[in-house]
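Colleague: build me a structure from this.
(2 chains)
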2 protein chains.
Amino acid sequence: MQLYHRDAIERAVTIDHDALAAMEAGFAALGRGEVVQPPILSMVIEEANGEVDVKTAHIRGAARFAIKVSPGFFDNPKLGLPSLNGLMMVFSAQTGLVDAVLFDEGYLTLVRTALAGAIAAKHLSRENSRRVAVLGAGEQAERQIEALRLVRDIDSIDVWSRRRQGAEAYAERMRGRGLAVTVHDSVHAACAMADIIVTTTPSREPLLHARDLPEGVHVTAMGADSPAKCELDASVMTRADAFVCDTRTQSEANGELKAFGGKEVPFKVHELGRVIAERQRLRLTDATITVCDLTGTGVQDTAIADFALDRLA
Amino acid sequence: MQLYHRDAIERAVTIDHDALAAMEAGFAALGRGEVVQPPILSMVIEEANGEVDVKTAHIRGAARFAIKVSPGFFDNPKLGLPSLNGLMMVFSAQTGLVDAVLFDEGYLTLVRTALAGAIAAKHLSRENSRRVAVLGAGEQAERQIEALRLVRDIDSIDVWSRRRQGAEAYAERMRGRGLAVTVHDSVHAACAMADIIVTTTPSREPLLHARDLPEGVHVTAMGADSPAKCELDASVMTRADAFVCDTRTQSEANGELKAFGGKEVPFKVHELGRVIAERQRLRLTDATITVCDLTGTGVQDTAIADFALDRLA
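Modeller: Numbering: from 1, shown residues only, chains lettered A, B, ... in the order given. Coordinates of the predicted model:
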């Protein structure tokens, strides 16, 4: 059994084309019905403003599967500690024995989440997309752009964040990577020129409305991953020409489909894995509006852990 | 962060009165409603005849909580490997950071399961119980007796197992511990003189029927822990004067209450934690028949992991 810590994992696994291909293969397997993916185990630790999620999935025929534990303790910053954390255990799918423990402190989650955003954009956004509006200015806001650059020639960013200061700091960091960045005071202004909009906030109320969507835009909503969180107003989804999510059950429980309160949804719900596996073309013209809601799936964790072990071994 | 392996854990944690008290405190907290215990995460890996369960629970106010991963891969013996395995991760309940990983290979599960059986017998069996009928002859059949001896003066065992050879080997081992052991060819014969009956098999059909129950007996059913497994015929439960389980939802999904197929159960269902917390006296006379169905709960895992870390630190 091998133990790996964050520094070694960061050196081995970066946001690159190989990792993207591994993640895309995981989604495609899910789309072909080749993945066993149980519901997320979730436990709230109220007195510490904390929660812990456990995700897993097995890709049929694969040599190993991962179980990921993600604690989120939102008072940690007061103690000088990061809110998000976690580790992945990798098991032999033949014997159930532990192959490895990846003490990645949530790093692989950052990577696989960013890669999923890029995969959504690859299959849904206009090929000539160059300008990205980002709502939120945290670490995932950076990783999303890094991953998007693998699939589109991004050159400009428009950023909005609830805290202007956070957006300014983000802009500074992204300019350091050769991008033109503009900070905005409203979501509407940030999105006005966007080819792609990425929402990556912990918001508990809708931030983005149909009136904010330029023609032909693609939206990836990353932030909502629990019953309390949402970023999209229902009008964004009804306005879209195509709505895609990672899994319908998770989008209904933890993601943007909560906006419809369990009622029948007035549009077709696509799943990203099937879009990939069946080469569905949901973008018909340059004016098509597409939306992808990503809540984070166990198959991504299994795929990135497997990829990490191949690189680390 | 600390890592511990099975040998060190076995030296530190044994089936003793302190461990019993820790386990009983965990059940009592559950009974008082002080435990957050989400549903079990369970994933089947069909092509390897395997499954993996993840259990967790948090006792409100406790400094740490555990998450246990239990793989069961039932073709492993063909490869010379044990079927059951696993590890426990222990997290700070204040920050969500990993305190320790216990690579116990399922040892702590053996211990906490045996202790639960002893706790059931302590609260439900006759105080003068001396003779135990054991159905099944595996490792848990040994541990159950070891734990029972903490709470009752056990001197005789009647064992039945599907494989006579297994029962003979078990008898040999238990005689080495100073017990009088008789091997039986039928469940009925094994149970005829029992003060306590313990069922600890992977059976998928009822083994024990009402006609097998002597007056005043206590039955602990340990084996059934998944939708496919059961050991008790419905008649055992309807015949009993008191029916107790670890948690009703788990007994209905994975335990003996499945015998009623989701229909209303024609008796009161007690939970062990409340029996302890509220000092319920369910045994009214020496003729009372009691049954306890144990499926295994996350709070047991959190309690034994916490106890183990106290001993190991």
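Colleague: which residue does the stretch 201-313 of chain A have closest to chain B?
Modeller: Evaluated by CB to the nearest CB, the stretch 201-313 of chain A has A:G298 as its residue closest to chain B, separated by 8.7 Å. All C-beta spots, glycine's among them, are computed from the backbone N, C-alpha and C.
Colleague: per-residue pLDDT, that residue?
Modeller: At A:G298, the predicted lDDT confidence score is 97.
Colleague: what's the neighbour count on it?
Modeller: 28 (other CB atoms under 10 Å in any protein chain shown).
Colleague: give the contact list for it.
Modeller: A:Q37, A:P38, A:I40, A:K55, A:T56, A:A57, A:K68 (CB atoms under 8 Å, 6 or more residues apart in numbering or on different chains).
Colleague: switch to 6 Å and redo it
Modeller: A:G298 makes contact with A:Q37, A:K55, A:T56, A:A57, according to CB atoms under 6 Å, 6 or more residues apart in numbering or on different chains.
Colleague: could you do A:V291 as well?
Modeller: A:V219, A:M237, A:A240, A:F243.
Colleague: now do stretch A:119-129, average pLDDT.
Modeller: Here the average pLDDT along stretch A:119-129 is 98.
Colleague: what parts of the stretch 51-200 of chain A come near chain B?
Modeller: Contact residues (CB under 6 Å from any CB of the partner chain) of the stretch 51-200 of chain A with chain B: A:54, A:56, A:58, A:67, A:69, A:71, A:73, A:76, A:81, A:85, A:93-96.
Colleague: the residues you listed, buried ones only, as a PyMOL selection?
Modeller: The PyMOL selection below is limited to those of those classed as buried (16 or more other CB atoms under 10 Å in any protein chain shown):
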select buried, chain A and resi 54+56+58+67+69+71+73+76+85+93+94+95+96
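Colleague: so which of the residues of the stretch 51-200 of chain A next to chain B sit within helices?
Modeller: Among these, none falls in helices (DSSP state H).
Colleague: of all the residues of the stretch 51-200 of chain A next to chain B, the one with the weakest confidence?
Modeller: Among those, A:N85 has the weakest pLDDT, 91.
Colleague: that one contacts B:S92, correct?
Modeller: No. The pair formed by A:N85 and B:S92 falls short of the contact definition of CB atoms under 6 Å, at 10.0 Å.
Colleague: what pLDDT does the model give the residue most central in space within chain A?
Modeller: Centroid-nearest residue in chain A: A:T113, 3.6 Å away (criterion: CA atoms, centre = their mean). Per-residue confidence at A:T113 stands at 98 (pLDDT).
Colleague: wait, is A:V159 part of a helix?
Modeller: No. Assessed with DSSP: H, G, I helix; E, B strand; the rest coil, A:V159 is strand; it does not lie in a helix.
Colleague: how much space separates it from chain B?
Modeller: Look at A:V159 and chain B: by CB to the nearest CB, to the nearest Å, they are 29 Å apart.
Colleague: for A:A12, grab the count of nearby residues.
Modeller: Applying other CB under 10 Å, I find that A:A12 has 15 neighbouring residues.
Colleague: next one: A:P266
Modeller: Counted with other CB under 10 Å, A:P266 comes out at 9.
Colleague: once you drop chain neighbours, what's closest to it?
Modeller: With sequence-adjacent residues excluded and distances taken as CB to CB, 6 or more residues apart in numbering or on different chains, A:P266 is closest to A:T238, at 6.1 Å.
Colleague: my read is that neighbour is in a helix, agree?
Modeller: Yes. A:T238 sits within a helix when classified using three-state DSSP.
Colleague: what's the pLDDT at it?
Modeller: pLDDT, read off for A:T238, is 98.
Colleague: now A:G262
Modeller: So, for A:G262, pLDDT stands at 89.
Colleague: how about the contacts made by A:L135?
Modeller: A:L135 makes contact with A:W160, A:T199, A:T201, A:L207 under the criterion CB under 6 Å, 6+ apart.
Colleague: most neighbours among the residues you listed, please name it.
Modeller: Counting by other CB under 10 Å, top hit in those: A:T199 with 29 neighbours.
Colleague: what bridges to it?
Modeller: A:L135, A:A221 (DSSP bridges).
Colleague: A:L232 is in contact with that one, correct?
Modeller: No. With contacts counted by CB under 6 Å, A:T199 stays clear of A:L232, the gap being 7.1 Å.
Colleague: for these two, list the residues in contact with both.
Modeller: Overlap of the contact sets of A:T199 and A:L232 (by CB under 6 Å, 6+ apart) consists of A:L208, A:A221.
Colleague: ok, how many other residues are close to A:L97?
Modeller: Other residues close to A:L97 by other CB under 10 Å number 17.
Colleague: in contact with the residue nearest to it when sequence neighbours are not counted, which residues?
Modeller: The shortest distance from A:L97 to any non-neighbouring residue, by CB to CB, 6+ apart, is to B:N85 (6.2 Å). Residues near B:N85 by CB under 6 Å, 6+ apart: A:G96, B:P71, B:E105, B:G106.
Colleague: where along the stretch 101-250 of chain A do the helices fall?
Modeller: A:107-124, A:139-148, A:164-175, A:187-191, A:234-239, A:248-253 (DSSP state H, counting those that start in this stretch).
Colleague: most tightly packed of those helices?
Modeller: Stretch with highest mean neighbour count among these: helix A:107-124 (a mean of 25; mean count of other CB atoms under 10 Å in any protein chain shown).
Colleague: got the contact list for that helix?
Modeller: Contacts of helix A:107-124 (CB under 6 Å, 6+ apart): A:6, A:9-10, A:15, A:19-20, A:23-24, A:143-144, A:147-148, A:150-151, A:196, A:218, A:220, A:222, A:275, A:290, A:292, A:294, A:300, A:304.
Colleague: go through the contacts of A:G298 and say which is closest to chain B.
Modeller: For the contacts of A:G298, the nearest to chain B is A:T56 (5.8 Å; CB to the nearest CB).
Colleague: ok, that closest one - contacts?
Modeller: So A:T56 contacts A:I67, A:G298, B:M43 (CB under 6 Å, 6+ apart).
Colleague: do the same with A:G50
Modeller: So A:G50 contacts A:F73, B:G96 (CB under 6 Å, 6+ apart).
Colleague: okay, it: pLDDT?
Modeller: pLDDT, read off for A:G50, is 96.
Colleague: so how far is A:R279 from it?
Modeller: Separation of A:G50 from A:R279 (CB to CB, to the nearest Å) stands at 42 Å.
Colleague: equivalent analysis for A:E215, please.
Modeller: 25 Å.
Colleague: re the thing from before, for PyMOL, write the selection for the buried entries among the contacts of helix A:107-124.
Modeller: To isolate in PyMOL the members of those that are buried, counting by 16+ other CB under 10 Å, one can use:
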select buried, chain A and resi 9+15+19+20+23+24+143+144+147+148+150+151+196+218+220+222+275+290+292+294+300+304
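Colleague: just the ones in strands from the contacts of helix A:107-124, please.
Modeller: A:I196, A:H218, A:T220, A:T290, A:C292 (DSSP state E).
Colleague: surely the second one and A:I289 touch.
Modeller: No. A:H218 is beyond contact range of A:I289, at 7.6 Å (criterion: CB under 6 Å).
Colleague: that older thread, may I see the contacts of B:N85 arranged in a markdown table, with distance to B:A192 as well?
Modeller: Listed next are the contacts of B:N85 as a markdown table, based on distance: CB to CB, whole Å:
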| residue | distance to B:A192 |
| --- | --- |
| A:G96 | 39 |
| B:P71 | 38 |
| B:E105 | 37 |
| B:G106 | 33 |
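Colleague: doesn't A:A100 lie inside a strand?
Modeller: Yes. Counting by three-state DSSP, A:A100 is located in a strand.
Colleague: identify the bridge partners of it.
Modeller: Beta bridges link A:A100 to A:Q2, A:V90, judged by DSSP bridges.
Colleague: wouldn't it be in contact with A:S92 here?
Modeller: No. With contact defined as CB under 6 Å, A:A100 does not reach A:S92; the gap is 10.1 Å.
Colleague: and for A:K258, nearest residue in space, chain neighbours not counted?
Modeller: A:C230 (6.0 Å).
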